[in-house]
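Undergrad: model the following, please.
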Amino acid sequence: MVIVKLIHSKFGYQTPEWTAADARLEKWLKQKKIDEKRRSNERRILLQKDNKKEGGAM
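TA: Purely as a prediction, here's the structure:
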């Protein structure tokens, strides 16, 4: 029987493997949120440019 040392993380006590997996997921979610915000800003800017060309208001 192998006893694994548990690490205290923000989700409770977990094995090192689960702690590493949680860290990777948190990093991925943070990057996804940043990318979505950037794409949203790019779309907004493009729409504003298109409306200025057409002479219409948003």
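
Undergrad: packing partners for the helix or strand harbouring Q48?
TA: Assigned by DSSP states H and E, Q48 falls within helix 16-54. Applying 3 or more C-beta pairs under 8 Å, 6 or more residues apart in numbering; DSSP states H and E, we find helix 16-54 packed against strand 7-9. Where C-beta positions appear, they are placed from N, C-alpha and C, glycine not excepted.

Undergrad: which positions within the helix holding Q48 qualify as buried?
TA: Buried residues in helix 16-54, counting neighbours by 16 or more other C-beta atoms under 10 Å, are found at T19.

Undergrad: what's the average pLDDT for it?
TA: For helix 16-54, mean pLDDT rounds to 90.

Undergrad: how distant is that helix from the center of its chain?
TA: Centre-to-centre, helix 16-54 and its host chain are 7 Å apart (C-alpha atoms, centre = their mean, to the nearest Å).

Undergrad: contacts only, for K37.
TA: In this structure, K37 makes contact with no residue, judged by C-beta atoms under 8 Å, 6 or more residues apart in numbering.

Undergrad: so it versus K30, what's the distance?
TA: K37 is 11 Å from K30, where distance means C-beta to C-beta, to the nearest Å.
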